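> I need the structure of the sequence given here:
(2 chains)
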Amino acid sequence: MIEFHLESRSGVPTYLQLVQQVRQAVRLGILSPGDQLPTVKEVVSSLAINPNTVLRAYRELDLEGVVDGRRGVGTFVREQPPPLSADAVKRLRAELTRWAAEARAAGLDADAMAALFGDVVRTPAARRVA
Amino acid sequence: MNALELDGLGKRYGSKWALRDCTLEVPAGTVTALVGPNGAGKTTLLQLAVGLTRPSAGSVGVLGLSPQRDARELLPRVGFVAQEHPLHRGFTIAEMLRLGRELNPRWDDALARERIERLELARGQRVGKLSGGQQAQVALTLALAKRPELLLLDEPVASLDPLARREFLTMLMEAVSEGGITVVLSSHILADLERVCDHLVILSHAQTQLAGPIDDVVASHRVLTAPRTDPATVARVHQVIRESHTERQTTLLVRANGHVYDACWEIHPVDLEEIVLAYLGYAPAPLLREAVAG
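Now for the predicted structure:
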């Protein structure tokens, strides 16, 4: 089980803070496949936060495939897909390098590229294709 | 479905508008913060919603009904805790609960008793002898035991210390997590709002300045900084809420229309408190150095 904490002045929406903490805990092995996340009521009682915020975070994690929300039972960490093969990483990196050169030629700096990249990655259409 | 719908709502006292041209929707199941300085119209808005006062203009819909025409049907379904948690100070807690039971057809006595027990209050204690935090908790208990579909709270935590405030909000959020309730609370204290509320309405000078889901509000506002420049190009795409300049630098707080790609500006996230302050017209004081130089 993990315990959430909040940084109220970070400018990061509360639901996203919860999402990031679960992702991080999974990445670090603090949470393993099959582990249950705290119930909405438990999170609400410990942090005095809006239950809709917790629901939104759990829904987001479910969409990303990090957890599996089972109605009336709980939210559980899923088996994570194996990391990408070295070949795939190499190919994707080469494509991205080409893209970055093109973006630089168009006048975008690193921050503008990161913003654009983040925007594309987060749009629902990209998620469906992925 | 919306728990609360205001359409062009206005209230005038004499020649002065306490609330003017207010149009907004509060979706069912949400927790909405009504934020603004004292005198901005928050209490007026809540009183109009609960039918304590009549609109001078526009209309109010509460759970699809009118607080005026359908008061008999509506009142048992709406909870209202006014400022300073009015309770009968000479009554004991047991007497307050009995009053609640007699007056409210949907009264949930088990819920009321369970909550009083959790607060570790004796039923024989007189309400007037309780601390401010305890009185707030008792007032909330009474309101929740009505099993309201819409709960309106006017400055519920303004008079509470941080510990009592957290306990009060925990109790409120636990009630929300059980479902079936929409909450609108007014506050001039910004702390805690971001964690407790999912929707925000900013009121000032009797008018709505901004209304929407808090996550969207936070995500759509940015602070932009650049060497001193004319913000006109930014203002064509994004809504500039506040601008300030030193002799070297320009700082803007904007409501971004999509992402800001302009490489001239450094882009920073901004917290809810800063956003609210900007809408309320708060501008940072100019630097003294600049005043001397200028």
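> where does the chain dip in pLDDT?
Reading this off chain A. A:9-11, A:83, A:123-130 (pLDDT under 70).
> switch to chain B, that's the one I care about
Using pLDDT under 70, the flagged stretches of chain B are B:282-294.
> ok and the residue in it nearest chain A?
Ranked by C-beta to the nearest C-beta, the top residue of chain B for proximity to chain A is B:Pro269, at 3.3 Å. Every residue, glycine included, has its C-beta placed from N, CA and C.
> ok, that residue - how many residues close by?
When neighbours are defined as other C-beta atoms under 10 Å in any protein chain shown, B:Pro269 has 14 of them.
> ok, B:Asp21 next?
15.
> returning to what we had before: touching, the residue of chain B closest to chain A and B:Arg222? I think so.
Yes - with contact defined as C-beta atoms under 8 Å, B:Pro269 counts as touching B:Arg222 (6.8 Å).
> for the residue sitting furthest away from the middle of chain A, what are its contacts?
Using C-alpha atoms, centre = their mean, the residue of chain A lying farthest from its centre is A:Ala105. It sits 30.9 Å away. By C-beta atoms under 8 Å, 6 or more residues apart in numbering or on different chains, the contact set of A:Ala105 is empty.
> what strand or helix carries B:Ala40?
For B:Ala40, there is no host helix or strand (DSSP states H and E).
> burial of it, as a residue count?
If you count neighbours by other C-beta under 10 Å, B:Ala40 ends up with 24.
> thinking it is in contact with B:Val201, fair?
No - between B:Ala40 and B:Val201 there is no contact under C-beta under 8 Å: 10.4 Å.
> in the helix with the most length in chain A, which residues are buried?
Longest helix in chain A, counting residues (DSSP state H): helix A:86-105. By 16 or more other C-beta atoms under 10 Å in any protein chain shown, the buried positions in helix A:86-105 come out as A:Ala103.
> C-terminal to it, which secondary structure element comes first?
By DSSP H and E, the next helix or strand past helix A:86-105 is helix A:110-122.
> neighbouring contacts of that following helix?
Contacts of helix A:110-122 (C-beta under 8 Å, 6+ apart): A:Ala100, A:Ala103, A:Arg104, A:Leu108, A:Ala126, B:His259, B:Val260, B:Tyr261, B:Asp262, B:Ala263, B:Glu266, B:Ile267.
> out of those residues, what pair is the most spread apart?
A:Ala126 and B:Glu266 (26.5 Å; C-beta to C-beta).
> neighbour-wise, which of the two wins?
B:Glu266 (14 against 11).
> could you find the closest non-adjacent residue to that one?
Once flanking residues are discounted, B:Glu266 sits nearest to B:Thr225: 4.9 Å by C-beta to C-beta, 6 or more residues apart in numbering or on different chains.
> who does that neighbour form a beta bridge with?
B:Thr251, B:Glu266 (DSSP bridges).
> chain center to stretch B:230-249: distance?
Centroid separation for stretch B:230-249 versus its chain: 29 Å, with C-alpha atoms, centre = their mean, to the nearest Å.
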